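Engineer: Quick one, what's the 3D model for this:
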Amino acid sequence: MPRGDGTGPAGGIGPDSGRGIGRNRGNRPGAGPSGTCVCPECGYSVAHRAGSPCFSIKCPKCGTRMIRG
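Structural biologist: Next up is the predicted model:
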């Protein structure tokens, strides 16, 4: 039975229900199959290959793990 005070039931439905569905999904900078992997130490860069995360690649110049650029 509704309370009449406008609070409604806990865990309600609607855009402000606090469930977080759809937030921060697929809009990270640099995400996706394209882009480059960059060495944070010396600046060397290579094209990113889909299915191979940049942090798994070591820089051929200095050996530091690369990051997404």
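Engineer: For the rest of this, base every contact and every neighbour count on C-alpha atoms.
Structural biologist: Will do.
Engineer: Can you tell me how far residue 67 is from residue 56?
Structural biologist: Separation of residue 67 from residue 56 (C-alpha to C-alpha, to the nearest Å): 9 Å.
Engineer: For these two, indicate the residue with more neighbours.
Structural biologist: Counted by other C-alpha atoms under 10 Å, residue 67 and residue 56 do not tie: residue 67 has more neighbours, with 18 against 10.
Engineer: As a check, name the ranges of all strands in this structure.
Structural biologist: With DSSP state E as the criterion, the chain has strands at 36-38, 45-47, 67-68.
Engineer: Just the mean pLDDT for the first one, thanks.
Structural biologist: Right, strand 36-38. Per-residue pLDDT values across strand 36-38 average out to 95.
Engineer: repeat for the last one
Structural biologist: When pLDDT is averaged along strand 67-68, the result is 94.
Engineer: what does that strand rub up against?
Structural biologist: Here strand 67-68 makes contact (C-alpha atoms under 8 Å, 6 or more residues apart in numbering) with 30, 35, 36, 37, 38, 39, 40, 54, 55.
Engineer: okay, and for the chain, where does confidence drop off?
Structural biologist: 1-32 (pLDDT under 70).
Engineer: try it again with 90
Structural biologist: By pLDDT under 90, the weakly predicted segments of the chain are 1-34, 50-52, 69.
Engineer: Go through the strands of the chain and name the closest to residue 61.
Structural biologist: Checking these against residue 61 by C-alpha to C-alpha gives strand 45-47 as the closest, at 10.2 Å.
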